[in-house]
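Chemist: Here's my sequence, what's the structure:
(one chain, ligands or ions: 1)
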Amino acid sequence: MKSHRKELWFNTTSRRQLLNITTEVQNEINESGIKDGFVLVNAMHITASVFINDDESGLHQDYENWLEKLAPEKPYSQYNHNTYEDNADAHLKRTIMGREVVVAITDGKLDFGPWERIFYGEFDGKRRKRVLVKIIGE
Ligand code: ZN
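Modeler: Predicted coordinates:
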């Protein structure tokens, strides 16, 4: 069995942003040489997510609206967590959007349905944060 590990770094320009990282993940699979196995992709921060969905801008705006209804960023004073920080909403958004995804690798490719793409969901950005990519297989 082979194994490959890589950290992908991101620094978003806004507090909340969704980045399609499918190509970066596929590049790691290519580099690993693994043709049959699994890839785990997880955010290494508790205010960011990795999830799979459609790369469609209307849906991305719907996520923003929906998450702001569930856990509005402001007023900061509504959250007990916001004593030394202002990112309670980002912790809650990360929980609902998930920490990680696992995808099968077949013939050296992400074994996806037609519209599945991997996203990094940033909820407290404008600083360097990372995602772990771990690939196992042969
Ligand atoms: Zn916090």
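
Chemist: switch to C-alpha atoms for all contacts and neighbour counts from now on
Modeler: Noted.

Chemist: This structure: helices as residue ranges?
Modeler: 22-32, 57-70, 88-97 (DSSP state H).

Chemist: Not counting its neighbours along the chain, what's nearest Met127?
Modeler: Just to correct that, residue 127 is Arg rather than Met. Asn11 (5.1 Å; C-alpha to C-alpha, 6 or more residues apart in numbering).

Chemist: so who does that neighbour touch?
Modeler: Counting by C-alpha atoms under 8 Å, 6 or more residues apart in numbering, Asn11 touches Gly125, Lys126, Arg127, Arg128, Lys129.

Chemist: Repeat the analysis, applying 6 Å as the threshold.
Modeler: Lys126, Arg127, Arg128 (C-alpha atoms under 6 Å, 6 or more residues apart in numbering).

Chemist: Rebuild the helices of the chain as TSV, extending it with distance to Lys6, mean neighbour count and mean pLDDT.
Modeler: TSV is the format used below for the helices of the chain (distance: least, C-alpha to C-alpha, whole Å; neighbours: other C-alpha atoms under 10 Å; pLDDT from 0 to 100):
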stretch	distance to Lys6	mean neighbour count	mean pLDDT
helix 22-32	7	16	98
helix 57-70	27	13	98
helix 88-97	22	20	98
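
Chemist: Next, format those as CSV and append distance to Val39.
Modeler: Below are the helices of the chain laid out as CSV (distance: least, C-alpha to C-alpha, whole Å):
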stretch, distance to Val39
helix 22-32, 8
helix 57-70, 24
helix 88-97, 19
